[in-house]
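In: Just the structure for this:
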Amino acid sequence: PPPPPPPPPGMPSLGLYRCLPGSVSATLPFCDRTKTAAERVEWIVGNLSAAEMTSVILKKPIDRLDIPGYNMWAVEALHGVRLWPERCPFPDKCTTIFPAASTASRSFNKSLWQATGRAMGTEGRVLWNLGIIQDLSLRGPQVNIQRDPRWGRNSNSPSEDPLVTGMYGEQLVLGSQSPVNGVNLINSQMKHWTAYGVESNRFGFNGNISVHDMAETYLEPLHIMLRANVSAAMCAYDAINGTPSCANGWMSDRVLRQHWGWQGVIESDCGALKYIQFNHKYTSDGPHTAAAAMNGTCDVECDSVYSSNLNAAYTEGLVSINQLAAAARRILTHRFSLGLFDDPRDHPYFTGLYNDSATVHNEAHAQIARESAQQSVVVVQNPGSILPLKSQGVKYALIGPLANITDPFLGDYRPAACPNTSQPAPQSTSCLPTLVELFAAKGLDVAFTSGCADPPCSSAPDLASVSSAMAGADVVVLVIGEKVTDHDSGGNTGGEGKDRDSIGLPGKQAELVAAALATKKPVVAVIISGGSVSVDSLKSASNAAVVYPGYGGETGQNAIVDVLFGDAPASGRLAHTVYPESWGNATLMADMSFQGGQGRSYKYLLPSVTPLYEFGAGLSYTSFEMASTAATVALDASGAQVCVDVTNSGGAASPVVITVFAVPNKLGAPPTIVPNRKLVAFDRTQLSPKEQTKMCFNLTDSDLALVDGGGTTTAYAGSYSLVFFDGVSKASMTATIATNRVISTLPPVDNPTPPCCSGSNRSCC
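Out: Sure thing, here's the model as predicted:
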């Protein structure tokens, strides 16, 4: 066919659409808009040869049908639309950088999560419409579990809890996809599917995981996200119980597709297919590797295994025509959901604000980023009301390796931050203020020293300069913790490909803490981290306030100053447990079990181990009182409403976050593994001084359900405590379930013989 006509001015992406009036494809049956998208896709698949199905899988065009190639997943969008190669899309501005998932989750604000997703989706659509990106399929969110504080990629995972993790992903996807008239704003991709949580040897790591932990924890976030109809998933580098994730038919085909009914697209993580053969030693050659990935229903590669071997795998009978057709069908359905086979000029996502560069990083999006960063700052300790700090009449010492740099506040997998700088766009953060600069901008009397030669504080700190800075100060502010950035010049303490070696402060930063506490002056420890960083000495200090602000994005450091000085309320709550430092010595990093060592997460932490700060903890600059509105509630499949009266008994307006836990008390026939408690609901609301409100939660018996060793989830008959937690105090009521009710059962686990261990081929047995 002749090439499509050039796009009209102002519509550079129009040439990527098909079925436009007068085009070659317009008269073909798959352009008949009286048919459903599924019918149109089925016509295409039914008219493809095996070679053409392979072309669809390889993102190549089908010239015979005027179907163009489509470069899926060239853009990351974990907490902002990140272009590749990394750059700002316009000379005067970049895309908005929102707080990382591990930070935004601490707000427990579902509507704000969805607004963040909508802003990212909108910026992605604008960049597509303006021809800046060639892809509407964006990688994100990351919804792996924060299994261990030492994992290098905790920063981009929301929580240790599957409900928080799944609901964060669900709300982000609801916002980012935002379907209108059958067309998504963008398509989101959940990553990494699943049980990814080790960076050391990640390309060949094999996790031994029980069916119980798979059902209760590792699989659950994506199960929750299916309610938002997430479009795609990325299979991970790791293997689970000997089977690489991208070749895991039980996990992806039998559970995800057949049991849960999801028919989205699975893409491999970049390089993951070749690692099936060369790192996991699961296959012995290219065609068998391609076949293994197809058996794992991996539809698209970020690799070269399919491009080099898929045709051969089909020719040799290792892959069936039905497998090729199924993958092509899912890929084409994905593309139809983006409106790529309809005239976009009929759709609102192609015009107006979606076709205007002014929409990118606009005031509304910047405000969402700022509010999210503010609401995610967690104050966990505040003896003597050290916080909020005073802006006048106080001398400050600002100490620490993270106090006068900006990139740690952005996290990794971030967009470029600063346009028109002398440094390359990805690295430069010179347009953003440091905490030292923000303190100075408030007109404060500040003495600053980093105390360390590098962010990890890998060598002995300069305690003389630290003592000098603290000598004349009334209050010492420490800025310490993790540095995790995309562009590691040797100062990163963790990140992609790099786990931490302890759960405490990196390097010799603990010496800065000891020096500050020894002054007996009020100390504010600002601990920057993606997950949990433990400092035992701070917990026991009567002169230290402790703050976990996370990676707050482009205004993360502004949000810290806002909360420290009371210009924004303290309202974040921990979405992870902060363990005592000894926990790390007793719990192995490579152990994927939640019951091993001293137990992982609030669910399985041994009762004999007291956390430094528990999951859901967080202080406010006011006080709240709670009282449950009933003594007992009976739960079954029809559900019931449970409520708690919450009063702001203090003198400052503030949000309050309520988390609700179910604690099994007396169960008739409990499963072998019973958690300490289970998060079943959470919400957030704003209260003025002395205002009272009733916060209610709709629960069914399934919310209290537990998992047995075979992967069956059951609401067990018996008595439970429902515990309401405002971050400081708790209220409770009793819930009862009259009879057992099975909620779901995972398909039986199969352990197939690796292809490289079949017949006479014994290369990997």
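
In: What score does Ala292 have for pLDDT?
Out: In this prediction, Ala292 carries a pLDDT score of 98.

In: ok, then the element right after the longest strand seen in the chain?
Out: Among the segments of the chain that qualify as a strand by DSSP state E, the longest is strand 654-667. The element immediately downstream of strand 654-667 (helix or strand, assigned by DSSP states H and E) is strand 678-687.

In: and the angle for that next one with strand 654-667?
Out: 160 degrees (axes from the mean of the first three to the mean of the last three Cα atoms, to 10 degrees).

In: could I get strand 678-687 in PDB with only the CA atoms?
Out: Output in PDB follows, covering the C-alpha atoms of strand 678-687 (Å, rounded to 0.1, in the frame of the first residue of the first chain):
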ATOM      1  CA  LYS A 678      -4.300  -8.300  59.000                       C
ATOM      2  CA  LEU A 679      -5.100  -4.900  57.500                       C
ATOM      3  CA  VAL A 680      -8.600  -4.900  56.200                       C
ATOM      4  CA  ALA A 681      -9.400  -1.200  55.500                       C
ATOM      5  CA  PHE A 682      -8.000   2.300  55.700                       C
ATOM      6  CA  ASP A 683      -9.200   5.900  55.100                       C
ATOM      7  CA  ARG A 684      -8.200   9.500  55.600                       C
ATOM      8  CA  THR A 685     -10.200  12.600  56.500                       C
ATOM      9  CA  GLN A 686      -9.700  16.200  57.500                       C
ATOM     10  CA  LEU A 687     -10.800  17.500  60.900                       C
END
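
In: related to what we said a few turns ago, what strands flank the longest strand of the chain, and is each parallel or antiparallel?
Out: strand 678-687 (antiparallel), strand 718-725 (antiparallel) (DSSP bridges).

In: Any chance of TSV for those, columns mean pLDDT and mean neighbour count?
Out: In short, each C-beta sits where N, CA and C put it, glycine included. Listed next are the strands paired with strand 654-667 as TSV, based on pLDDT from 0 to 100; neighbours: other Cβ atoms under 10 Å:
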stretch	mean pLDDT	mean neighbour count
strand 678-687	98	19
strand 718-725	98	21
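
In: Just put the ones you listed in CSV and tack on distance to Asp135.
Out: Putting the strands paired with strand 654-667 into CSV (distance: least, Cβ to Cβ, whole Å) gives the following:
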stretch, distance to Asp135
strand 678-687, 34
strand 718-725, 42
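
In: Looking at the ones you listed, which is nearest to Ala631?
Out: Between Ala631 and the strands paired with strand 654-667, the shortest gap by Cβ to Cβ is with strand 718-725, which sits at 10.9 Å.

In: Check which element follows that closest one along the chain.
Out: strand 730-737.

In: Ends of stretch 590-605, what's the gap?
Out: Using Cα to Cα, to the nearest Å, the end-to-end distance of stretch 590-605 comes out at 17 Å.

In: Name the residues of that stretch that are buried.
Out: 592-595, 597-605 (16 or more other Cβ atoms under 10 Å).

In: Quick one: mean pLDDT for that stretch?
Out: Rounded mean pLDDT across stretch 590-605 is 97.

In: Show me the contact partners of it.
Out: Residues from elsewhere that reach stretch 590-605 (Cβ atoms under 8 Å, 6 or more residues apart in numbering): 147-148, 160-161, 195, 197-198, 205, 207-210, 213, 216-217, 576-577, 579, 583, 586-588, 606, 609, 611, 614-616, 673, 675-678.

In: next one: stretch 223-232
Out: Contacts to stretch 223-232, defined as Cβ under 8 Å, 6+ apart, come from residues 73, 137, 143, 162-163, 166-167, 169-171, 173-174, 177, 179, 184, 187-190, 222, 260, 262, 264-267, 334, 337.

In: Return the alpha-carbon coordinates of stretch 205-215 using CSV.
Out: Taking C-alpha atoms only, stretch 205-215 is exported to CSV below (Å, rounded to 0.1, in the frame of the first residue of the first chain):
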residue,chain,number,x,y,z
PHE,A,205,18.0,-15.7,41.6
ASN,A,206,15.6,-18.5,42.5
GLY,A,207,13.1,-17.9,45.4
ASN,A,208,11.7,-20.8,47.3
ILE,A,209,8.2,-19.7,48.2
SER,A,210,5.3,-21.5,49.8
VAL,A,211,1.9,-21.6,48.1
HIS,A,212,0.6,-19.9,51.3
ASP,A,213,2.9,-16.9,50.8
MET,A,214,2.2,-16.7,47.1
ALA,A,215,-1.5,-16.6,47.7
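
In: Buried residues in it, which are they?
Out: Phe205, Asn206, Gly207, Ile209, Ser210, Val211, His212, Asp213, Met214, Ala215.

In: The fifth one against Gly709, yeah?
Out: Yes - using Cβ atoms under 8 Å, Ser210 is in contact with Gly709, at 7.0 Å.

In: returning to that earlier point: Gly393: which of the strands paired with strand 654-667 is closest?
Out: strand 678-687 (30.6 Å).

In: Quick check: next helix or strand after the closest one?
Out: Following strand 678-687 in sequence, per DSSP H and E, is strand 692-699.

In: what about dumping the CA coordinates of that following strand to PDB?
Out: What follows is strand 692-699, C-alpha atoms only, in PDB (Å, rounded to 0.1, in the frame of the first residue of the first chain):
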ATOM      1  CA  GLN A 692     -16.000  15.000  65.400                       C
ATOM      2  CA  THR A 693     -16.800  12.700  62.600                       C
ATOM      3  CA  LYS A 694     -17.900   9.100  62.100                       C
ATOM      4  CA  MET A 695     -15.600   7.100  59.900                       C
ATOM      5  CA  CYS A 696     -17.200   3.900  58.500                       C
ATOM      6  CA  PHE A 697     -15.900   0.900  56.600                       C
ATOM      7  CA  ASN A 698     -17.900  -1.700  54.700                       C
ATOM      8  CA  LEU A 699     -16.500  -5.200  55.500                       C
END
